[in-house]
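# Sequence unavailable; structure follows:
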């Protein structure tokens, strides 16, 4: 069964039925053809933050977007630190874990697998060139 998607306007109207018109959760849910638990969830989301409630399919609240961007930046910086750190560590010179480098690159941004492979090869080439 495919998951149903509801527009922001539909959710706001459902919440208005509960808040403004005083309709019970059970009656409103029955009339709208949704589960009462779903309706309670929408009312709670609206009560928590009316301006940012129901941002839409695939959209994040500004705070969530900032956190996601910062996580990507941290992952990228960690990967760069590890790559650069291995150049200065005599014990690890000439040795590096390609899987770790690839994973760190993949964490830093959502990109296709082919591009990750190209990026990994480029980084490995740079590491090899710097050792010569």
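It's in. Computed from a predicted model, the values in this text were never measured in an experiment. Numbers count the residues shown, from 1 in each chain.

# Could you report the distance from residue 35 to residue 7?
Residue 35 sits 18 Å away from residue 7, going by CB to CB, to the nearest Å. Just so you know, the C-beta spots here come from the backbone N, C-alpha and C atoms, and that holds for glycine as well.

# Ok, residue 119 next?
Distance, residue 119 to residue 7, by CB to CB: 38 Å.

# Tell me which of those two has more neighbours.
residue 119 (17 against 11; other CB atoms under 10 Å).

# Now do the same for the more buried one: helix, strand or coil?
The three-state assignment at residue 119 reads helix, by DSSP: H, G, I helix; E, B strand; the rest coil.

# same question, residue 11
helix.

# Now do it against residue 46, distance only.
8 Å.

# same thing with residue 52?
10 Å.

# which one of the two has more residues nearby?
Taking neighbours as other CB under 10 Å, residue 52 and residue 46 compare with residue 46 leading, 20 against 15.
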